[in-house]
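**Student:** Quick one, fold the following:
(6 chains)
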There are 6 protein chains.
Amino acid sequence: MPFVTIELTREGVTREQKQELIKGVTDLITEVLNKDPHLTHIAIHEIDTDNWGYAGEQISVLREKGITADKK
Amino acid sequence: MPFVTIELTREGVTREQKQELIKGVTDLITEVLNKDPHLTHIAIHEIDTDNWGYAGEQISVLREKGITADKK
Amino acid sequence: MPFVTIELTREGVTREQKQELIKGVTDLITEVLNKDPHLTHIAIHEIDTDNWGYAGEQISVLREKGITADKK
Amino acid sequence: MPFVTIELTREGVTREQKQELIKGVTDLITEVLNKDPHLTHIAIHEIDTDNWGYAGEQISVLREKGITADKK
Amino acid sequence: MPFVTIELTREGVTREQKQELIKGVTDLITEVLNKDPHLTHIAIHEIDTDNWGYAGEQISVLREKGITADKK
Amino acid sequence: MPFVTIELTREGVTREQKQELIKGVTDLITEVLNKDPHLTHIAIHEIDTDNWGYAGEQISVLREKGITADKK
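**Tutor:** Down below sits the predicted model:
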């Protein structure tokens, strides 16, 4: 029965990465909650960088300043 | 006061079908809950088939395999 | 594949009304979009009247003033 | 920790207006709840006017009839 | 037409703080987008601290360790 | 920057299971998208079984009939 929404910025996530997210989250829910995977749906919402704010700033502005979201 | 979100895959839903969903859901809420329809808002989110997962698979992949969501 | 969220205020919606909403929305989607109903999930979010704002006011305050959401 | 979603119709909201919304909401939450702004994320969802319903009508249809959402 | 959802942890937000958030966000949208406030709805979702994750940890666990979300 | 919402039915999910979901999803996003985990927030929404519909039926009714969501 789970429905999962993943909101992230539209910054070149590939089809393969989306498939990895979908497969990984579904497997995790199946394993942790013992849910039938046919009941798990996942929607990825890609949000333009002008439309996402972090700490009061648009992500597009942060990117122009060279600030990334990468793991260090 | 209700706010309804309908998440579905972007697969050619027509303007007329969207209007039918909007009219139908609003009428249903007005009838069942006796709510003033001017307080009911509905947003339809169309999600790319690469961005929706079902049972661990991307919908775009399922469609390539000929698997549909049609009522039998 | 649709997932529907209905956000409304927690003001005594009965189990039967919830069932009517669930049945009605599912039937509507099945009919308008020809979707297999086993792919349609619906979640009703009941929100405390202190937690819903309309026109800048809490619903709990509007109710104390005798203002309802009823259809006239 | 707050996450804020703003759903509105896609009707020419400018980059500057989005920045004003992001800044304003983040400042408000920081001030009212005393939250570290680095924990506040905001996503603006722009919805096509065919995909938003109000009082049972598509916004695109209301706009064709000359009905706006402007403050009077 | 805007619909705003504010997700935050259930940690003693008062009725007055909720009213400040509702009033502040509605005023901001009215001012920045010139929207009729009767079209703006806001729902605050309070999430139990066991149910919110940040950097891979439950908020309830972070709080037990004395880590807060307060602005420094 | 990701924000993940997991909607599931309120049917006895334990604190440990929630932690496993939070840890697992955060690790997955960090690995697949190379995102700083301090930017990933997750909210689990537990929905009463009267408030979730599947195939037009309330989950509470399905459970009374002995129909579960368990993986076979």
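**Student:** CA only for contacts and neighbour counts going forward, please
**Tutor:** Will do.
**Student:** Kindly report the residues of chain A close to chain C.
**Tutor:** With C-alpha under 8 Å from any C-alpha of the partner chain as the criterion, chain A comes near chain C at residues A:1, A:3, A:41.
**Student:** Give me the local confidence score for the nearest residue to the first one once chain neighbours are set aside.
**Tutor:** The spatially closest residue to residue A:1, leaving aside those adjacent along the chain, is residue A:39, at 4.7 Å (C-alpha to C-alpha, 6 or more residues apart in numbering or on different chains). pLDDT recorded at residue A:39 is 96.
**Student:** sorry, back to before: among the residues of chain A next to chain C, name the ones in strands.
**Tutor:** Those of the residues of chain A next to chain C mapping onto strands are A:3, A:41, per DSSP state E.
**Student:** Can you tell me which of the residues of chain A next to chain C is nearest residue D:31?
**Tutor:** residue A:3 (33.2 Å; C-alpha to C-alpha).
**Student:** picking that back up, who wins on neighbours among the residues of chain A next to chain C?
**Tutor:** Within the residues of chain A next to chain C, residue A:41 tops the neighbour count with 27 neighbours, counted by other C-alpha atoms under 10 Å in any protein chain shown.
**Student:** Contacts only, for residue A:36.
**Tutor:** Applying C-alpha atoms under 8 Å, 6 or more residues apart in numbering or on different chains, one finds that residue A:36 lies in contact with A:30, F:69-72.
**Student:** Turn the residues you listed into a markdown table, including distance to residue C:26 and pLDDT.
**Tutor:** Listed next are those as a markdown table, based on distance: C-alpha to C-alpha, whole Å; pLDDT from 0 to 100:
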| residue | distance to residue C:26 | pLDDT |
| --- | --- | --- |
| A:30 | 25 | 98 |
| F:69 | 19 | 95 |
| F:70 | 23 | 95 |
| F:71 | 24 | 94 |
| F:72 | 26 | 82 |
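**Student:** Mark which of these are buried, thanks.
**Tutor:** Buried subset of the contacts of residue A:36 (neighbour count, 16 or more other C-alpha atoms under 10 Å in any protein chain shown): A:30, F:69.
**Student:** Out of the contacts of residue A:36, which is nearest to chain D?
**Tutor:** Using C-alpha to the nearest C-alpha, residue A:30 comes nearest to chain D of the contacts of residue A:36, at 26.6 Å.
**Student:** Assign a three-state SS to the closest one, would you?
**Tutor:** Following DSSP: H, G, I helix; E, B strand; the rest coil, we place residue A:30 in the helix state.
**Student:** Give the next helix or strand downstream of the host helix or strand of residue A:44.
**Tutor:** Using DSSP states H and E, residue A:44 sits in strand A:41-47. Sequence order places strand A:52-54 as the next helix or strand after strand A:41-47, per DSSP H and E.
**Student:** Remind me what that following strand packs against, helices and strands.
**Tutor:** The contact analysis (3 or more C-alpha pairs under 8 Å, 6 or more residues apart in numbering or on different chains; DSSP states H and E) places strand A:52-54 against helix D:15-33, strand D:41-47.
**Student:** Would you mind identifying the next helix or strand past that strand?
**Tutor:** strand A:57-58.
**Student:** and the helices and strands packed on strand A:52-54 as TSV, adding distance to chain F?
**Tutor:** Formatted as TSV, these follow (distance: least, C-alpha to the nearest C-alpha, whole Å):
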stretch	distance to chain F
helix D:15-33	15
strand D:41-47	8
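**Student:** deepest of these, which one?
**Tutor:** strand D:41-47 (a mean of 23; mean count of other C-alpha atoms under 10 Å in any protein chain shown).
**Student:** can that one be found next to chain A?
**Tutor:** Yes. Shown here: strand D:41-47 in contact with chain A (C-alpha under 8 Å from any C-alpha) through D:41-45.
**Student:** Let me know the closest of those residues to residue D:22.
**Tutor:** Distance ranking of these against residue D:22, using C-alpha to C-alpha, places residue D:42 first at 6.6 Å.
**Student:** That closest one touches residue D:18, doesn't it?
**Tutor:** No. Look at residue D:42 against residue D:18 with C-alpha atoms under 8 Å: they stay out of range, at 10.3 Å.
**Student:** before we move on, back to that, how close does the residue nearest to residue A:1 sit to residue A:12?
**Tutor:** Distance of residue A:39 to residue A:12, given as C-alpha to C-alpha, to the nearest Å: 29 Å.
**Student:** neighbour count winner among these two?
**Tutor:** residue A:39 (21 against 8).
**Student:** Assign the residue nearest to residue A:45 when sequence neighbours are not counted to helix, strand or coil.
**Tutor:** In space, and not counting its chain neighbours, residue A:45 is closest to residue A:7: 4.8 Å by C-alpha to C-alpha, 6+ apart. Here residue A:7 takes the strand state, with states given by three-state DSSP.
**Student:** Lovely, talk soon.
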